[in-house]
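**Q** Kindly return the folded structure for what I paste below:
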Amino acid sequence: MSEPIVNFDLAKELGMNEEEYNRMLEILGRIPTYTELGIFSVMWSEHCSYKNSIRLIKTLPRSGGRLLVSAGEENAGLVDIGEGLAVAFKIESHNHPSAVEPYQGAATGVGGILRDIFTMGARPIASLNSLRFGEINGNDEQKNNRSKFLFKNVVKGIGDYGNCFGVPTVSGEVYFEDSYHDNPLVNAMAVGIVKHNETATAKASGIGNPVFIVGSSTGKDGIHGATFASEEISEESESKRPSVQVGDPFTEKLLLEATLEVIRSGAVVGIQDMGAAGITCSSSEMSAKGKCGMKLNLDLVPLRDNDMSAYEIML
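**A** Down below sits the predicted model:
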């Protein structure tokens, strides 16, 4: 299969601006391959890099007397609660995916934060949510029906995933306001408990250590999910349904138990949840935190679809 010609027009389609495109050329010293362009575009998306919001995020407190890791340092926050125990917690938005595919968008939002919790070595004990939708009793019946549809399916996606995974949804809140009609706010949160001496880190280190991908096989759903999550919601957003991942709570439940067991064994140096940019973000984040490189053999990645390209596997 021939790859498209890499130029600024293609980069723009993937969410990059001209300054970013030129900076990429400067870093590489050449025109990137199609796969390299995809990697740069997702890692420089707002969803992965926080390039537009980082100034505000940096004004928030990042350390404290009971914090065992600084904010943003690991997959989730970790707070000492005494007696050798810590609580791990993570909150994350899944707004764009839920706007076009509310059931799977909300469900995979829950799945993502649960993975963030147990990759810290913590066992998830509860999930929570904070939701905002457009009016359901306004003067525009078409708008009301859309908001009701999103509300019904987001709540069902959150509940079904938690029930299948085996973690209760203990609390939530919901508000309805017209400004959320096009793009709902879907914040999911998970909490877990871990012993101080059983925590795990996301740093990859140790020359020659093997790298394992564990979990569901890789398919074509969710490709460029990070780029989509960074775009403005528009009439064209409906075509981005394939960018929303399809959840698998039963496999994730098995992954939870296997992950906690292998962390307790002491065999794991570093572990990272695969976020919206898949192998690309998980491998680069682990490498950057550990200040070391990582070789990836895409021929060994378990696939659901055998005709996947390197571009599709990486993203």
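
**Q** which other residues reach stretch 30-41?
**A** The contact list for stretch 30-41 (C-beta atoms under 8 Å, 6 or more residues apart in numbering) reads 3-4, 6, 10-11, 14-16, 20, 24-25, 28, 224, 227, 280, 309-311, 314-315. Placement of C-beta: from N, CA and C, glycine included.

**Q** can you pull the buried residues of stretch 307-315?
**A** Met308, Ala310, Tyr311, Glu312, Ile313, Met314, Leu315 (16 or more other C-beta atoms under 10 Å).

**Q** any idea of the mean pLDDT in that stretch?
**A** Stretch 307-315 comes out with an average pLDDT of 91.

**Q** Please compute how far it lies from its chain's middle.
**A** Remark: stretch 307-315 is offset 18 Å from the chain centroid, using C-alpha atoms, centre = their mean, to the nearest Å.

**Q** Span of that stretch from start to end?
**A** End-to-end span of stretch 307-315 (C-alpha to C-alpha, to the nearest Å): 15 Å.

**Q** Renumber starting at 43 from here on
**A** Happy to do that; since the first residue is 43 now, the last one works out to stretch 349-357.

**Q** quick revisit: sort out which of the buried residues of stretch 349-357 are in helices and list them.
**A** Here DSSP state H is the test, and these give Ala352, Tyr353, Glu354, Ile355, Met356 as lying in helices.

**Q** Give me the neighbour count for the nearest residue to the first one once chain neighbours are set aside.
**A** It stands for Ala352. Spatially, and ignoring its direct neighbours in sequence, Ala352 is nearest to Thr77 (5.0 Å; C-beta to C-beta, 6 or more residues apart in numbering). Neighbours of Thr77 under the rule other C-beta atoms under 10 Å: 19.

**Q** Thr77 and Ile313, how far apart?
**A** As judged by C-beta to C-beta, to the nearest Å, Thr77 and Ile313 stand 25 Å apart.

**Q** Ok, Ile96 next?
**A** Distance of Ile96 to Ile313, given as C-beta to C-beta: 25 Å.

**Q** Name the residue in those two with the higher neighbour count.
**A** Legend: neighbour count by other C-beta under 10 Å for Ile96 and Ile313, higher for Ile313 (23 against 10).

**Q** Please identify which helix or strand holds the residue nearest to Ala352.
**A** Using DSSP states H and E, Thr77 falls within helix 76-85.

**Q** Same question for Gly248.
**A** Using DSSP H and E, no helix or strand contains Gly248.

**Q** residues in contact with it?
**A** Val311, Cys334.

**Q** Against Pro344, how distant is the most centrally placed residue in the chain?
**A** The centroid of the chain falls nearest to Gly317 when counting by C-alpha atoms, centre = their mean (3.2 Å). Note on Gly317: its distance to Pro344, by C-beta to C-beta, is 19 Å.

**Q** wait, is Gly107 part of a strand?
**A** No - Gly107 is assigned coil when assessed by DSSP: H, G, I helix; E, B strand; the rest coil, not a strand.
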